[in-house]
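Colleague: Predicted structure and sequence below. I'll ask about it afterward.
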Amino acid sequence: MIPGTLGTGERAQLPLDVEHAVFRQPQKRIFDSQTTATFQESVALARIRFHIEKYMRMMRGDTSGGISASVARMLQILDRLDALVDETPPLVGPRRYGNLACRDWHDKVDSSLPGLTSQVDCLAGGGACIEAEYYLRNSFGSKIRLDYGTGHELSFLAFVAALDMMSQPRGITPVELSRLWDRYYRLVRRLIVDYNLEPAGSHGVWGLDDHFHLAYLWGASQFANNPVGVQPRDVLSGVIPGRDDAPANFLVEAIGFVKSVKHGPFWENSPMLNDILSGVSSWRKIQRGLFRMYNAEVLNKFPVVQHFWFGTAFFPWTSVRDGTPLPVYEQSADTEQETFDSGAPPGPGTTTLPALDTSTMASVPSRRPAMGPPAGRQVNKFIQHTTASHRDRLRR
Amino acid sequence: MNLDHTLELLRQGKHIPEETVYSLCLELQELLINEANVSYVDTPVTICGDIHGQLHDLLTLFEKSGGVEKTRYIFLGDFVDRGFYSLESFLLLLCYKLRYPDRITLIRGNHETRQITKVYGFYDEVLRKYGNCNVWRYCCEVFDYLSLGAIINNKIFCVHGGLSPDVDTLDAIRGIDRKQEVPHEGPMCDLLWSDPDDVETWSLSPRGAGFLFGKNEVDKFLHGNDIELIARAHQLVMEGYKEMFDGGLVTVWSAPNYCYRCGNIAAVLEIDDQLQRNYTIFEAVQPQDGVGNAIIPTKKPQMDYFL
């Protein structure tokens, strides 16, 4: 499915019927490259894309204007989570990398959130908290791995979209949209710096950014929708011309953050951002390019989307073609990575084995037959490294 | 291929012609195919951990530790991925290996594989610098011939990751057919992926490959093979090195300020003739804008999104 090419039958799946919606605790559905492909056919993904494209049109950087009671309450909640950082200072003393105080912060968030989100009228009224809160909870990085990446940014997008769906027909306004993302990014950058959060699944200098992608998309959209005389190259030079009263731009702020945490020349530590801003002349092209890239590098990458779970209302695991349920694989405890709830986090830039992807593995010569399970091994817990057996667990 | 000229280009971070990389990789395969899975190395020798394409810091490493003209080196793998100069760093080591075959031992890390380099940057780097992936393919062919470990004076075992429940003796490693892509499980995989940890026995690794092992496994391996130290890399250590299990195992990390942002220092470990351990630590060089800038991308693959 190519974004923007939905047929009428598919478009019919996009609006949420709030009155008849049934909300359930989200479940894990993506286990391997095959289920990542199934995800591409889901109503969940179509709604994610629909809202990204909608926000690409709405982003102008406006921050003055009235906001709804629900959004005002949400901003207060983010303020409260920020205050919890004050109450949970980083631990001093030797450590491998990520600061373990962050786990205490996550615990405090987990225990505060139900009480806080129930005060957001548009969510509490419809019983939507059970799904919406799941996405909000997962927007601040991993408590286990002490990392933060584009998967967590995606989770906040899902939360904003849920809020938006529950606020129909008015929906959230451009001002509300900017304020929500601005407050969110300020909190997350603080978490990254104060608790030394590792970039989740870092590709080093060969990714767009260690942590964020949508921030660049929002910033490029702001410049494209509301030209203030800033050219892409100007952002690299650090001298941003234009009006003094021009609104803060998400892309400019994201690059400022990179420059504050990374040493060395920008072209060397961020070659991709450097190439884009020096080589693409219009903000509209950058905006479209970042969206295409997001579809391929985030929404279609197993290591990221495996952590996106599915409820029954906002982001259902149903076919975008006709709304019928998609195949479900049984969840098995020994394949669930989140069960690593003890011990030290893996550490920054720690490499994990990517999901077995049969399309790329075919080209890899292996002169040794695959080995059987280590029956004779003294292993207290054994993890099945291959995911092929999931296919046997197909329920229907 | 003029080795001296290539070395000079590499030290300056300049572009190396594709044909030069091809012949260099071919010569290295012929050289490495004759090396054992576990190379014998004499003292004195300097053990180096992960490099990850940090060319400037690799040059600092040689500068601070005597240089290849005067010193013997073991590199514990992970030459490539994440950094800007994976290719130049790897080729520099290959050139030194060709020039001084007995003074450089190169051990395979978990990043020296086709699958991992496709995900973690080296593949993208080559595509950006050459516009095609030929050079990546030549390098991957060399990866398949790298050693799995080294043994210093029959007393210190060097490996990238750690131990394997399938490997009780060094002879078990010698029996592996190493000339292949790293499998997803089994002894060869574990040697490149495992980590030491505070565990009672073999435990599963959060990395999805290899195992966690503890003091019991290390003591058993040391005693069973009559050795006194396992030197490995594979995990960032903020102080550059970290001894564990009453000094029976050490982690050495040689990429300072990893990924331009971790703030860690780096270390190499020199083993003298009495098997004494001397650590040399060093910090990241402050890169100057414009130095090494000569690598002009011929094609920017990610730019396809922006056409």
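Modeller: Perfect, thanks for sending it. Computed from a predicted model, the values in this text were never measured in an experiment.
Colleague: what's the burial count for residue A:84?
Modeller: 17 (other CB atoms under 10 Å in any protein chain shown). Just so you know, the C-beta spots here come from the backbone N, C-alpha and C atoms, and that holds for glycine as well.
Colleague: ugh, typo on my part, it should be residue B:201
Modeller: When neighbours are counted by other CB under 10 Å, residue B:201 comes out with 14.
Colleague: Repeat that for residue B:78.
Modeller: 29.
Colleague: is it true that it touches residue B:108?
Modeller: No. The criterion here is CB atoms under 8 Å, and residue B:78 misses it with residue B:108 at 9.1 Å.
Colleague: would you list every one of the helices in the stretch 151-300 of chain A?
Modeller: A:174-194, A:214-225, A:232-237, A:250-261, A:266-269, A:271-279, A:283-297 (DSSP state H, counting those that start in this stretch).
Colleague: Please read the previous query as pertaining to the stretch 51-200 of chain B.
Modeller: Using DSSP H, counting those that start in this stretch, helices in the stretch 51-200 of chain B cover B:55-64, B:86-99, B:114-120, B:122-130, B:134-143, B:170-174, B:187-193.
Colleague: before we move on, back to that, the helices of the stretch 151-300 of chain A: which one's closest to chain B?
Modeller: helix A:283-297 (3.4 Å; CB to the nearest CB).
Colleague: Could you list every helix and strand in contact with whichever helix or strand comes after that closest one?
Modeller: With elements assigned by DSSP states H and E, the helix or strand that comes after helix A:283-297 is helix A:302-305. Using 3 or more CB pairs under 8 Å, 6 or more residues apart in numbering or on different chains; DSSP states H and E, the elements in contact with helix A:302-305 are helix A:33-39, helix A:150-166.
Colleague: Please identify the nearest residue in space to the residue in the stretch 101-250 of chain B that chain A sits nearest to, excluding sequence neighbours.
Modeller: Nearest to chain A, among the residues of the stretch 101-250 of chain B, is residue B:121, at 3.4 Å (CB to the nearest CB). Excluding the flanking residues, the one nearest residue B:121 by CB to CB, 6 or more residues apart in numbering or on different chains is residue A:206, at 3.4 Å.
Colleague: I'd say that neighbour and residue B:126 touch.
Modeller: No. The criterion here is CB under 8 Å, and residue A:206 misses it with residue B:126 at 10.5 Å.
Colleague: Show me whatever sits in contact with both of those two.
Modeller: Common contact partners of residue A:206 and residue B:126 (CB atoms under 8 Å, 6 or more residues apart in numbering or on different chains): none.
Colleague: Next up, the contacts around residue 43.
Modeller: Since you didn't name a chain, this refers to chain A. So residue A:43 contacts A:13-14, A:315-316, A:318-320, A:323 (CB under 8 Å, 6+ apart).
Colleague: wait, I meant chain B there
Modeller: Contacts of residue B:43 by CB under 8 Å, 6+ apart are B:152-153, B:271-273, B:275.
Colleague: and residue B:131, which of the helices of the stretch 151-300 of chain A is closest to it?
Modeller: The minimum distance between residue B:131 and these falls on helix A:271-279, with 13.5 Å, by CB to CB.
Colleague: Next one: residue A:81 from chain B, what distance?
Modeller: 24 Å (CB to the nearest CB, to the nearest Å).
Colleague: So what does that residue look like in phi/psi?
Modeller: Main-chain torsions, residue A:81, degrees, to the nearest 10: phi -60, psi -40.
Colleague: neighbours of residue B:185, just the number please.
Modeller: 23.
Colleague: pretty sure it is touching residue B:209, no?
Modeller: Yes. Residue B:185 is in contact with residue B:209 according to CB under 8 Å; the separation is 7.1 Å.
Colleague: Go ahead and confirm residue A:204 touches residue B:81.
Modeller: Yes. Using CB under 8 Å, residue A:204 is in contact with residue B:81, at 6.6 Å.
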